[in-house]
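J.: I'll drop the sequence and a predicted model, then ask my questions.
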Amino acid sequence: MTDRPIRASDKERDSVVDVLRDAYTDGRLTLEEFEERTSAAYASKTWTDLRELTSDLPVEPVLGADLPQRPPPAQPVAQVVPTLPRPRQGGRNRPMGRLLPVVFAWIMIAAAAGSPDTAAALSVVFICLLACRVGYGGR
């Protein structure tokens with residue numbers, strides 16, 4: 001690395017706190033040790049200070065010099081092959097199934113309002129929606 005002290009960033013302090021949190025969760029640190037080291041991590045000014053807080057733990061924090069200098073090469077994007085939607089089992093995620101209660105309520109309202117023509121037209125729509133639902137494997 002380098003012999004001169006390098007100032008720590010907030011991201012690097014958070015990296016050390018993550019390592020400390022994992023060590024506490026694994027039972028390597030007591031609650032008091034975790035709280036003391038976490039406070040010290042947020043108060044640390046240099047990488048040396050941060051490394052001392054995790055020197056007795058099996059996992060080292062990621063600090064700025066440990067990061068790769070170049071971004072990793074981009075992974076090839078998988079081609080998306082369009083497929084036709086398959087009929088779904090059960091009553092979920094079917095647009096026609098969601099319309100059935102709405103159309104049924106309209107039929108009841110139209111019939112109660114004394115509009116038989118509207119109720120009859122909506123009944124035809126309801127039957128068509130029901131037929132589409134059955135075609136998708138509904139029950």
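T.: Arrived safely, thanks for sending.

J.: tally of neighbours for Glu33?
T.: Using other CB atoms under 10 Å, Glu33 has 13 neighbouring residues. C-beta: built from backbone N, CA, C; applies to glycine.

J.: secondary structure element for it?
T.: Glu33 belongs to helix 31-43 when assigned by DSSP states H and E.

J.: average pLDDT across that helix?
T.: Taken as a whole, helix 31-43 has a mean pLDDT of 94.

J.: could you do stretch 12-23 as well?
T.: In the prediction, stretch 12-23 has an average pLDDT of 92.

J.: show residues contacting the helix holding Glu33.
T.: By CB atoms under 8 Å, 6 or more residues apart in numbering, the surrounding residues in contact with helix 31-43 are 13, 16-17, 20-21, 23-24, 29, 49-50, 53.

J.: at 7 Å what do you get?
T.: Contact with helix 31-43 is made by 13, 16-17, 20, 24, 50, 53, as judged by CB atoms under 7 Å, 6 or more residues apart in numbering.

J.: who touches the helix or strand that it is followed by?
T.: Remark: after helix 31-43, the chain's next helix or strand is helix 47-53, criterion DSSP H and E. By CB under 7 Å, 6+ apart, the surrounding residues in contact with helix 47-53 are 5-6, 8, 12-13, 16, 20, 37, 40-41, 44, 61, 63.
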